[in-house]
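Peer 1: Quick one: sequence plus predicted model below, questions after.
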Amino acid sequence: MTVPFHRLLIVETRKLFDTRSAMILTAVLLLLTVAAIAGRGLYIGPDLQRLVWTAGLGYANLLPVLGILTVTNEWSHRTALTTFALEPRRWRVMAAKAVPPTLAAAVASLFALLVAVPATALAGAVRHVPAHWNATPATMAGWTATNVLFTLAGVALGALLLNAPAAIVVYLASTGVWNAVAMLGGTGETLAEWLDLNRTAAPLATGDWADVAPARLAASAALWIVIPLLLGVVRVSRREVR
Amino acid sequence: MIEFSNVTKTYKGVKALDDVSFAVGPGSVTGFVGPNGAGKSTALRILVGLGRATSGSATVCGRPYHELERPACQVGTLLDAGALHPGRSGRETLTLGAITLGLPRSRVDEALDLVGLTRAEARRAVGSYSLGMRQRLGIAHALLAKPRALVLDEPVNGLDPQGIHWMRALLRDLADAGCAVLLSSHLLHEVEQVADHIVVIGRGRVLVQGGVAELNRGRSLEQTFLELTADADRSLA
């Protein structure tokens, strides 16, 4: 009997919010969401779905960074010394680390909806036009799933590189790199269509479930989430902690 | 209780530890002394499973650390007082440990009292702590589960004279209560005051070990230490 998994989960969830930088990141995320949705509501009018997606612009960058920092923090502040002395089975710690940012992404998606509903009503009232209550459970589910996928990609990249700046740069640069690859003729385009998570998840993000290509989504998720996460767990398990 | 048997550690062809063997029994304080870079930290990290020995074994109660039942409840460790998240409060740092180990939250207050950190200090972010306060927090963390063995890497670094005096008394009390204490230091003088046994290490090899009284026979331990480690020191220059 060592540390039960639920205790690791509680601890890793606390670590997501119990430091100054984490609190600042959370506050920025919440404020940006409110500001972006309210601002866009006044600009484009009462369109619930588009207002929800507005939050996605910030989420697409901030949630993966949250995922990256969750993992890399242990190495940048060398708290891994304590964490892995308390639980020597490091893969269990890594598994516990993947959960809180995933939940945070789901909660953040729900939060965007909660902000977008009054923003839509308000925008309709201010502009004297009827509101479009056009967000459906299906589109919300697809969008939430996309946010979760991107966050997991951040966790996986953080686990693989164990270095926050490197992981953040690779993540942010990946969109541009794929756009460049897609312009390299037929092969490049095919590669991007199958392996660029941004592309494969695009129909999911907009809730166009019929356009989702499961094989392509799975291939890109394997490349950006499953493989780096597994390699990262192996790396962490073997690494000497100093 | 703690035992190193022929532990060798090779980094890229260089022997960081070379056939290190010594034991720490319950109810005693063992000082692990050597110049900086002698291999003390490497050995302690291997003991708690954070590093791997190339050959040989380091065990607690006859078993490797990771095979122990609730290892961190049996062995308290302070490996680096600097390895704390600067943005986390002292209290939260201990709370995370208490939750992980399944201890009641009251242990956090008890541990804070034990090391003399006030409630107000515990609420502050660790980033604002002096090295001495970090050492105290680290000791509190190591003692959370009231372990039977204690492994401390350079715990007196950064402590003021009162702090050093306090640390000696604390370690003595713990050992008298049956705890096996292993502490490393590059300052022989600090260790000599509290340890029952001394293990001197230089360039990865155990140079001499024995009871403090026994090692002091005839001439001062310091003289012996300096002579033994002269080689090791020069290698660093």
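Peer 2: Arrived safely, thanks for sending.
Peer 1: show me where chain A has helices.
Peer 2: Taking DSSP state H as the criterion, chain A carries its helices at A:5-17, A:20-44, A:48-76, A:80-86, A:90-127, A:137-161, A:164-182, A:185-195, A:197-200, A:202-205, A:214-221, A:227-238.
Peer 1: can you redo those helices as TSV with distance to chain B and mean pLDDT?
Peer 2: Quick note: C-beta positions are derived from backbone N, CA and C, even for glycine. Putting the helices of chain A into TSV (distance: least, Cβ to the nearest Cβ, whole Å; pLDDT from 0 to 100) gives the following:
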stretch	distance to chain B	mean pLDDT
helix A:5-17	5	96
helix A:20-44	4	91
helix A:48-76	7	93
helix A:80-86	5	96
helix A:90-127	9	95
helix A:137-161	16	96
helix A:164-182	13	93
helix A:185-195	36	92
helix A:197-200	30	94
helix A:202-205	33	94
helix A:214-221	31	96
helix A:227-238	9	96
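Peer 1: Can you name the helix or strand that the one residue sitting closest to the centre of chain B falls in?
Peer 2: Centroid-nearest residue in chain B: B:Leu152, 1.6 Å away (criterion: Cα atoms, centre = their mean). Element membership for B:Leu152, per DSSP states H and E: strand B:149-153.
Peer 1: returning to that earlier point: list the beta-bridge partners for the residue nearest to the residue nearest to the centre of chain B when sequence neighbours are not counted.
Peer 2: Distances taken as Cβ to Cβ, 6 or more residues apart in numbering or on different chains put B:Leu183 closest to B:Leu152, at 4.3 Å, once the chain neighbours are dropped. Beta-bridge pairing for B:Leu183 (DSSP bridges): B:Gly31, B:Leu152.
Peer 1: wait, doesn't B:Leu183 sit right on B:Pro155?
Peer 2: Yes. Taking contacts as Cβ atoms under 8 Å, B:Leu183 lies within contact range of B:Pro155: 5.7 Å.
Peer 1: got the contact list for residue 111?
Peer 2: Using chain A. With contact set as Cβ atoms under 8 Å, 6 or more residues apart in numbering or on different chains, A:Phe111 has these partners: A:Leu30, A:Thr33, A:Ala55.
Peer 1: hmm, I had chain B in mind actually
Peer 2: The contact partners of B:Ala111, by Cβ under 8 Å, 6+ apart, come to B:Leu94, B:Ala140, B:His141, B:Leu143, B:Leu144.
Peer 1: Quick check: the two most widely separated of the residues you listed?
Peer 2: Longest distance between any two of the contacts of B:Ala111 is 10.0 Å, between B:Leu94 and B:Leu143; criterion Cβ to Cβ.
Peer 1: For those two, indicate the residue with more neighbours.
Peer 2: B:Leu94 (26 against 21; other Cβ atoms under 10 Å in any protein chain shown).
Peer 1: Run through chain B and note the low-pLDDT ranges.
Peer 2: For chain B, the stretches flagged by pLDDT under 70 are B:218-219, B:231-237.
Peer 1: Dump stretch A:115-133 to PDB, keeping only the CA atoms.
Peer 2: Taking Å, rounded to 0.1, in the frame of the first residue of the first chain, the C-alpha atoms of stretch A:115-133 are listed here in PDB:
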ATOM      1  CA  VAL A 115     -20.600  34.200 -19.500                       C
ATOM      2  CA  ALA A 116     -21.900  34.100 -23.000                       C
ATOM      3  CA  VAL A 117     -25.600  33.600 -22.000                       C
ATOM      4  CA  PRO A 118     -26.000  36.900 -20.200                       C
ATOM      5  CA  ALA A 119     -23.700  38.600 -22.700                       C
ATOM      6  CA  THR A 120     -26.000  37.500 -25.500                       C
ATOM      7  CA  ALA A 121     -29.100  38.700 -23.700                       C
ATOM      8  CA  LEU A 122     -27.300  42.000 -22.900                       C
ATOM      9  CA  ALA A 123     -26.100  42.500 -26.500                       C
ATOM     10  CA  GLY A 124     -29.600  41.800 -27.700                       C
ATOM     11  CA  ALA A 125     -31.100  44.400 -25.300                       C
ATOM     12  CA  VAL A 126     -28.500  47.000 -26.100                       C
ATOM     13  CA  ARG A 127     -28.800  46.700 -29.900                       C
ATOM     14  CA  HIS A 128     -32.500  46.000 -29.800                       C
ATOM     15  CA  VAL A 129     -32.300  42.900 -32.000                       C
ATOM     16  CA  PRO A 130     -33.500  39.400 -31.200                       C
ATOM     17  CA  ALA A 131     -30.900  37.100 -29.700                       C
ATOM     18  CA  HIS A 132     -29.700  34.000 -31.400                       C
ATOM     19  CA  TRP A 133     -29.800  31.200 -28.800                       C
END
